[in-house]
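A.B. asks: starting from these lines, generate the structure:
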Amino acid sequence: MEWNELLKNYGPFALLPFTVFVIEKLAFKRVRDTNLPKTVRNTAYAAAWITIFALCGLVVFFWYSLLPAPKEAMIRGKVTGLPILNTFRASGPDMANFRVFTYRDPQQTDQLFWRAYSVDPLAESTTLSILIDHTTPTSEMTWRFHFSTKKQYYDPSMELNFVFDPKEEALKLMNHPSGQPETLKGERVVVDASPASGRLPRLPWFGTVAAQTTPSASATIANLESSDSLVRLTARRQLATLGPTAAKDMDRALSAPGASYRTKLGVIVAANQMPGFRQEQFGLSAWCEVWASAQTGDATLKDQANQLLRKRSPTLTAAQCSRARAATVGVSRGVTKPPITTPSPAGATKTSPSR
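C.D. replies: Modelled structure (predicted):
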């Protein structure tokens with residue numbers, strides 16, 4: 001290590017022995033000075049040692065204040081009874097930079113460990129949103145549980161022990177500080193808890209400055225395919241917030257051949273949540289996909305599709321969608337109309353190309 005680093009790190013503390021030696025030497029010299037009154041000599045010697053002890057106290061104080069301290073607050077726990085296909089996520093106040101990390105035990109796959117970090121310990125009774133998601137490529141079921149924090153949860157020795165019961169759709173905290181298990185009842189969700197709003201409120205004579213850029217519709221629709229339930233729910237809310245500007249991209253995503261289950265569900269949910277959605281914002285092909293989704297056996301997709309179909313008048317029929325699907329397939333395969341044959345004045349036939 002270079003000398004400048006040594007002086008920077010240890011210089012002030014290295015001066016302490018030198019300062020103590022100088023003060024003690026000056027005080028001892030005054031004590032031996034017989035020309036001074038005894039009271040002055042004793043006072044000078046006592047003041048010297050008081051100064052020395054004060055300096056030592058300051059050194060200890062600054063040393064203690066410079067000790068490494070935890071930079072983030074942490075709550076940890078585990079969830080038992082969580083099937084292998086289920087995921088565990090949680091979210092908290094945005095300003096707290098709340099983050100959750102999970103690890104599933106490979107030896108006991110129904111047991112998942114988690115740790116939640118925030119900049120500072122959350123205030124007493126802060127509400128966290130816990131998401132347990134069971135999703136396959138053709139179905140989705142997401143439960144949300146509201147959980148309140150306590151100061152005891154930040155004790156390093158405490159591990160919150162949750163037990164998940166999928167039949168009861170409940171999450172139980174077995175080691176609640178009260179001594180009795182706390183049962184959290186789940187609610188099924190298809191969109192993030194934050195309300196969708198087209199624009200921010202404005203005060204007269206004041207402009208509005210956006211804190212962050214608005215995501216594009218195409219990027220938001222791509223997030224509908226995420227394997228993270230929190231990302232999917234947030235993408236649906238963001239898509240609804242974009243309003244009519246995203247309608248064209250939503251229509252295209254819904255009408256695309258082979259659109260996935262997650263894309264269909266996400267677009268339909270966003271249309272249901274979008275303020276001022278109008279039926280003309282979707283073409284016939286997109287509406288037929290909504291109608292087909294309402295005929296599926298998946299309860300989540302069927303319920304959302306039926307909600308959206310109530311916003312259309314008149315109602316669709318199977319015959320309309322069959323013709324629309326046949327026309328779409330014909331165009332995609334390059335099928336054209338047969339040539340039109342018309343009689344010529346000389347009795348011969350003349351063939352005109354179809355247009």
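
A.B. asks: hey, let's count contacts and neighbours off CA atoms from now on
C.D. replies: Noted.

A.B. asks: poorly predicted segments of the chain, please.
C.D. replies: The model of the chain has pLDDT under 70 over residues 1-15, 67-70, 193-213, 328-355.

A.B. asks: which stretches of it form helices?
C.D. replies: Assigned by DSSP state H, the chain shows helices spanning 3-31, 38-65, 217-223, 229-242, 247-255, 261-273, 284-293, 299-309, 318-333.

A.B. asks: count of residues packed around F164?
C.D. replies: When counting by other CA atoms under 10 Å, one arrives at 21 neighbours for F164.

A.B. asks: gap between it and P181?
C.D. replies: According to CA to CA, to the nearest Å, F164 stands 13 Å off from P181.

A.B. asks: which neighbours do those two share?
C.D. replies: Common contact partners of F164 and P181 (CA atoms under 8 Å, 6 or more residues apart in numbering): K172.

A.B. asks: A292 and M74: what is the separation?
C.D. replies: Taken as CA to CA, the span from A292 to M74 is 47 Å.

A.B. asks: okay, the two: which has more neighbours?
C.D. replies: Between A292 and M74, counting by other CA under 10 Å, M74 is the more crowded of the two (21 against 14).

A.B. asks: distance check, the more buried one against F18.
C.D. replies: In this view, M74 and F18 are 43 Å apart by CA to CA.

A.B. asks: what sits against the closest residue to L239 other than its chain neighbours?
C.D. replies: Counting by CA to CA, 6 or more residues apart in numbering, L239 lies nearest to A270, which is 5.8 Å off, once chain neighbours are set aside. Applying CA under 8 Å, 6+ apart, we find A270 in contact with R236, R237, L239, A240.

A.B. asks: just give me the closest of those to C56.
C.D. replies: R237 (59.2 Å; CA to CA).

A.B. asks: and that closest one, how close does it get to G276?
C.D. replies: 15 Å.

A.B. asks: who's more crowded, these two?
C.D. replies: With neighbours defined as other CA under 10 Å, R237 and G276 compare such that R237 has more, 25 against 11.

A.B. asks: just checking, that one touches D192?
C.D. replies: Yes: taking CA atoms under 8 Å as the definition, R237 is a contact partner of D192 at 6.0 Å.

A.B. asks: before we move on, back to that, mind putting the contacts of A270 into a markdown table with distance to A219?
C.D. replies: Listed next are the contacts of A270 as a markdown table, based on distance: CA to CA, whole Å:
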| residue | distance to A219 |
| --- | --- |
| R236 | 12 |
| R237 | 13 |
| L239 | 10 |
| A240 | 13 |
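
A.B. asks: and those residues, which two are furthest apart?
C.D. replies: Taking CA to CA as the measure, the contacts of A270 span a maximum distance of 6.3 Å, between R236 and A240.

A.B. asks: list the contacts of the closest residue to N42 other than its chain neighbours.
C.D. replies: Leaving aside its chain neighbours, N42 sits nearest to V31 (6.8 Å; criterion: CA to CA, 6+ apart). The contact partners of V31, by CA under 8 Å, 6+ apart, come to R41, N42, A44, Y45.

A.B. asks: please name the nearest non-neighbouring residue to the last one.
C.D. replies: In this case it means Y45. The spatial neighbour of Y45 that comes closest, neighbours along the chain excluded (CA to CA, 6+ apart), is A27 at 5.1 Å.

A.B. asks: and if you look at the first one?
C.D. replies: Leaving out its chain neighbours, the residue that sits closest to R41 by CA to CA, 6+ apart is V31, at 4.8 Å.

A.B. asks: in this structure T296 contacts K302, no?
C.D. replies: Yes: if you go by CA under 8 Å, T296 and K302 touch, sitting 6.1 Å apart.

A.B. asks: any figure for the gap between the closest residue to S255 other than its chain neighbours and P137?
C.D. replies: In space, and not counting its chain neighbours, S255 is closest to A286: 4.8 Å by CA to CA, 6+ apart. Relative to P137, A286 is positioned 20 Å away (CA to CA).

A.B. asks: more crowded one of those two?
C.D. replies: A286 (21 against 10).

A.B. asks: quick one, what contacts that one?
C.D. replies: D251, R252, L254, S255.

A.B. asks: could you flag which of those are buried?
C.D. replies: The neighbour-count test (16 or more other CA atoms under 10 Å) marks D251, L254, S255 as buried among these.

A.B. asks: closest to F113 among those residues?
C.D. replies: L254 (37.6 Å).

A.B. asks: wait, doesn't the closest one sit right on C288?
C.D. replies: No: assessed by CA under 8 Å, L254 is found out of contact with C288, at 9.5 Å.

A.B. asks: brilliant, that's me finished.
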